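Asks: With the input below, show me the fold.
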Amino acid sequence: MQIPNKNIRESLSLAKELIGFADHGQAESKDDGCLLLYGLVRDCGYRIREEAEREKRVHRSRGVWDEGVERGDQARGRYLA
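Replies: Model (predicted):
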């Protein structure tokens, strides 16, 4: 697997973890400050995901994306949905 493809997969996995973390944190939040923080974390996760998906499409169009194992979700933390 090419390093750029691996990094894109890791970025997608990280974005998914950030979004899940924000959902979990918001559900347990007791004040507006925390809600704001989790909203910011969620927004960052969505932005990272958007850019990583765009780059993945670019790699596919160039023929350099390996369609092999989509393993990005396996190695990350507990907030993956």
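Asks: Only C-alpha atoms from now on, for both contacts and neighbour counts.
Replies: OK.
Asks: What's the separation between the closest residue to residue 38 other than its chain neighbours and residue 40?
Replies: Here the nearest residue to residue 38 in space, its sequence neighbours aside, is residue 22; by CA to CA, 6 or more residues apart in numbering that works out to 4.8 Å. Separation of residue 22 from residue 40 (CA to CA, to the nearest Å) stands at 8 Å.
Asks: middle-most residue in the chain, spatially?
Replies: Within the chain, one residue has its C-alpha closest to the average C-alpha position: by CA atoms, centre = their mean, that is residue 15, at 1.6 Å.
Asks: Tell me the pLDDT of that residue.
Replies: At residue 15, the model reports a pLDDT of 98.
Asks: likewise the one 5 residues further on?
Replies: At residue 20, the pLDDT value in this model is 98.
Asks: ok, then the element right after the strand or helix carrying it?
Replies: When secondary structure is defined by DSSP states H and E, residue 20 falls within helix 3-28. Going down the chain from helix 3-28, the next helix or strand is helix 32-62, by DSSP H and E.
Asks: show me what contacts the residue nearest to the centre of the chain?
Replies: In this structure, residue 15 makes contact with 44-46, 48-49, judged by CA atoms under 8 Å, 6 or more residues apart in numbering.
Asks: Could you rerun that using 7 Å?
Replies: 45-46, 48-49 (CA atoms under 7 Å, 6 or more residues apart in numbering).
Asks: which of these are buried?
Replies: Neighbour counting over the contacts of residue 15 (16 or more other CA atoms under 10 Å) leaves 45-46, 48-49 as the buried ones.
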